[in-house]
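> Pasting the sequence and the predicted coordinates here, then a few questions.
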Amino acid sequence: MIARFLLLAGVASASFIASTASAQDAPQPVADSAEQATARGEVIIVTARRRAETAQEVPLAISVIRGDSIEATGNFNVVKLQQLAPTLQVYTTNPRNTSVNIRGLGVPFGLTSDGFEQGVGIYVDDVYNSRVAAATFDFLDVAQVEVLRGPQGSLYGKNTTAGAINITTNQPTFDFEGRAELTVGNLNYKQAKAAISGPLSDTIAARIAVAATSRRGTIYNVTSQRWINEQDNLGLRGQLLFKPTDNFSLTLSGDYSKQDPECCGTVFVRVGTTQRPINRQYDALAAAQNYVVPSRNPYDRLTDLDSNLNAGNKIGGVSARVKWDVGPGTLTSVTAWRFWDWKPENDRDFTGLPIVSKSQNPSQQDQYSQEFRYNYESQKVDFVVGLFGFKQRIDTQGTEQQGSAAAKWSLNPSTSPTNIANIPATLAGLTASNTQWLKSESAALFGQLSWKVTDALTIQPGARLNYDKKSGFYQRVVTNGQGQVISCTPAPSSTTQPVLAAQCGVYQPQVSSPSDSAWNFTYDFNVNYKIAQDILAYATYAKSFKTLGINQNGLPLNSDNTVNYAASTVKPESVNHYEIGLKTQFWDRRATFNLTAFRTEIKNFQATVNGGQFGTVRGYLANAEKVRSQGIEADLKIVASDRFTAYANGAYTDAKYKKFTNAPCPPELSGGTFVTGTQTPDAPGQAGNTPSHPAASLSPRACDISGQDLPGVSKWAFSYGAEYNIPVTLLDKDGQLYLGVDGNYRSHWNSNASPSIYTEVKGYALTNFRAGFRGEGFDIFGWVRNAFDVNYIENLQVAPGNTGLIAGQPGDPRTWGGTIKFSF
């Protein structure tokens with residue numbers, strides 16, 4: 001109701017990713033920032049604090065990636081953007097199951113649940129995108145991306161505990177202009193972009209943009225004889241600007257994007273030993289069915305998945321943004337509606353056997369948001385105060401079905417031909433049909449004050465009052481191969497009802513209606529001091545939170561096989577964040593060096609727990625007692641002359657579970673007979689506590705993983721780039737010949753919520769080159785990405801059933817192509 005009412009009412013580091021292509025599309029500088037221009041006349045303007053200012057003036061950690069740099073380096077969506085921003089981690093097994101984290105924090109690693117909030121907010125032209133699938137869509141006519149690190153609750157409508165990605169698109173202009181871009185490459189890669197803008201009258205301007213991308217897949221499926229994990233993206237955006245006076249503007253925007261790739265499949269990576277009996281582990285099960293994977297080398301890029309694959313994905317919406325100079329400040333209103341439509345098909349057993357013959361959870365989401373902000377600036381005091389309302393509903397219709405090979409794979413093997421494990425009909429056709437919905441409402445009052453105590457010293461407090469309410473419904477109906485609804489209450493006997501007992505061991509009917517609400521008050525305090533004209537130091541403390549969560553994918557079972565309804569809700573996260581930083585410019589402002597140190601402590605960290613079975617409780621949320629992330633970030637940019645620019649960014653991130661005593665066990669400790677108590681597994685790379693076969697076949701119900709690293713986080717991450725150009729005249733065109741290089745490195749990390757020796761991902765370094773000729777209104781260049789054809793893994797997944805199978809997705813091989821750009 002609150003959200004509906006509001007809707008109706010109407011760095012110390014700044015990471016400068018070098019703009020190594022043409023600077024003609026740079027954002028317009030604020031009035032008095034020309035003095036901060038570099039040797040090339042570039043000024044990086046950001047709106048991180050909801051007002052236009054140079055990045056070096058902002059006392060928070062921020063990476064700024066210009067639109068021309070995005071295009072030149074081929075990082076055309078948020079997933080790829082991490083190659084330019086070392087502290088940004090994005091992992092995706094499909095658009096729905098995408099994790100966007102900053103400094104290792106943001107969302108739980110693993111299968112996505114609708115019941116929790118994103119810790120990293122994605123904003124496009126001030127509109128919050130609640131569905132993280134937005135990270136997989138191509139950037140559409142983007143002017144600039146700002147990656148803000150650390151809590152942002154006192155400046156942004158939706159509270160974000162880990163940071164925000166603030167995307168600004170090119171706006172309508174009263175000067176007629178246009179641009180077009182065409183790229184082709186190997187793997188049948190094609191990308192086209194175009195935008196046109198201009199006046200419709202003295203007070204109305206319009207802009208239209210379109211982008212399309214397609215590419216052949218990188219994995220060959222020998223079963224379907226098709227390449228999978230392809231790219232297929234189409235996006236449209238239209239904007240109307242009404243500006244009757246200098247102090248009032250109204251921008252109406254609409255966008256629509258769709259993806260329809262054959263995606264997202266995996267390849268065999270390795271097998272690890274679990275606590276299952278030897279005859280129930282992967283190699284023995286595969287041999288029993290005469291199954292041989294097409295390749296045990298993931299870089300052969302071969303798979304034999306037998307289920308349909310699809311990642312149909314649509315996203316879009318409309319918004320109205322009003323800016324009105326009222327009194328001494330500016331009132332901004334942003335009203336928006338957005339939708340997301342997800343139509344997946346997956347192969348969840350990760351093999352070519354018909355074990356799980358169907359796995360899909362299509363979803364439809366609608367969200368409404370309204371934000372009011374008032375910005376005031378004066379010689380001594382600046383402030384921002386805002387009111388935000390948000391409402392969303394998500395509906396999901398899930399289906400998971402067992403195949404003809406399920407019984408022999410999942411049940412205790414037997415040599416008797418009459419045993420249920422040797423009768424395919426025992427599980428074949430067993431289907432879990434899930435119906436679920438989520439309703440979420442939130443409202444917030446937030447603000448931040450900047451008091452300029454002296455010309456050098458500024459004190460900046462901020463606060464936020466937030467209300468959240470979530471309610472959900474989940475129902476799972478289970479039918480056997482004959483379409484008959486089955487019941488597992490009371491629990492069937494494996495002696496008198498062996499088939500039903502086996503079926504209930506895979507899927508159990510379940511109904512739950514979780515609901516909860518909470519108020520939260522949070523605050524932050526920043527002190528920044530200008531040591532010299534080009535040296536700014538700052539320190540920040542933030543008390544933040546991530547709101548409560550509810551479990552929307554089904555609830556776990558107790559030891560007596562009853563539903564654990566106590567797990568239906570998850571506590572809010574409580575965040576204490578500390579940060580200090582130094583921002584400097586030197587060498588006549590041709591060089592910028594920024595340094596940040598941070599520490600974030602989280603109580604009741606919302607983590608993903610997975611029991612490792614085939615049942616549809618694929619993963620649920622639970623609270624880890626305490627998590628800590630700390631580290632140092634350094635950023636350097638040099639503009640030596642109009643001919644040469646370079647940048648280098650580095651981050652050390654130490655992110656750990658400080659206390660998680662009731663965590664899911666890694667696969668090496670799973671699959672055996674449950675015993676009471678918990679066990680402390682070895683950290684990957686160590687040895688000592690982890691039992692091995694045949695001496696051990698017992699599994700603790702939970703493990704204590706306190707002190708182990710958070711998943712998905714590399715301790716060391718670097719990115720770098722440089723470009724050199726010379727002026728030439730070609731074909732009567734004055735311009736520049738240029739050569740550019742950029743690259744990134746990430747050290748090893750773990751790809752399982754509870755770190756496992758089997759899901760350790762090796763570190764890797766990628767290098768890209770480009771060379772071309774550009775001038776006024778044109779740019780023609782060739783490029784090669786992953787130039788040295790490095791083999792690397794993007795993510796690993798533990799196959800269900802505790803068989804020890806580890807599947808994964810290899811990263812892109814070497815790709816190459818050419819791009820032509822024109823503008824006027």
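In hand now; what should we look at?
> from the chain's centre, how far out does stretch 426-433 sit?
33 Å (Cα atoms, centre = their mean, to the nearest Å).
> is it true that residue 317 touches residue 128?
No - using Cβ atoms under 8 Å, residue 317 and residue 128 do not qualify as a contacting pair, with a distance of 10.8 Å. For glycine as for every other residue, the C-beta is placed from the backbone atoms N, C-alpha and C.
> what do these two both touch?
When contacts are counted by Cβ atoms under 8 Å, 6 or more residues apart in numbering, residue 317 and residue 128 are jointly contacted by residue 336.
> ok, now how distant is residue 248 from residue 324?
In this structure, residue 248 and residue 324 are separated by 5 Å, where distance is defined by Cβ to Cβ, to the nearest Å.
> where exactly do the helices run in the chain?
For the chain, the helices defined by DSSP state H occupy 2-8, 67-73, 78-81, 282-288, 406-410, 498-506.
> what's the nearest residue to residue 58 if we skip its chain neighbours?
residue 48 (5.4 Å; Cβ to Cβ, 6 or more residues apart in numbering).
> Any idea how many residues pack against the one you found?
When neighbours are defined as other Cβ atoms under 10 Å, residue 48 has 23 of them.
> now residue 591
Under the neighbour criterion other Cβ under 10 Å, residue 591 is assigned a count of 17.
> Equivalent analysis for the one 10 residues further on, please.
Taking other Cβ under 10 Å as the criterion, the count of residues near residue 601 is 16.
> If it is in a bridge, with which residues?
With beta bridges defined as DSSP bridges, residue 601 has these partners: residue 576, residue 628.
> if I pick it, what's in contact with it?
When contacts are counted by Cβ under 8 Å, 6+ apart, residue 601 is found next to 575, 576, 577, 626, 627, 628, 658.
> Likewise for residue 430?
Residue 430 makes contact with 401, 402, 406, 478, 479, 480, 481, 503, 506, 507 under the criterion Cβ under 8 Å, 6+ apart.
> again, only using 7 Å
Residue 430 sits next to 401, 402, 480, 481, 503, 506, 507 when contact means Cβ atoms under 7 Å, 6 or more residues apart in numbering.
> Nearest residue to residue 252 in space, please, no chain neighbours.
residue 240 (4.6 Å).
> What residues does the one you found make contact with?
When contacts are counted by Cβ under 7 Å, 6+ apart, residue 240 is found next to 172, 204, 206, 252.
> Can you add distance to residue 135 and give the residues you listed back as TSV?
TSV is the format used below for the contacts of residue 240 (distance: Cβ to Cβ, whole Å):
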residue	distance to residue 135
172	26
204	33
206	28
252	25
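> From these, list just the buried residues.
Members of the contacts of residue 240 that pass the buried threshold by neighbour count (16 or more other Cβ atoms under 10 Å) are listed as 172, 206.
> Show me what the residue most central in space within the chain bridges to in the sheet.
Residue closest to the mean C-alpha point of the chain, counted by Cα atoms, centre = their mean, is residue 100 at 2.4 Å. Residue 100 has the following beta-bridge partners by DSSP bridges: residue 90.
> and the gap between it and residue 390?
For residue 100 relative to residue 390 (Cβ to Cβ), the value is 18 Å.
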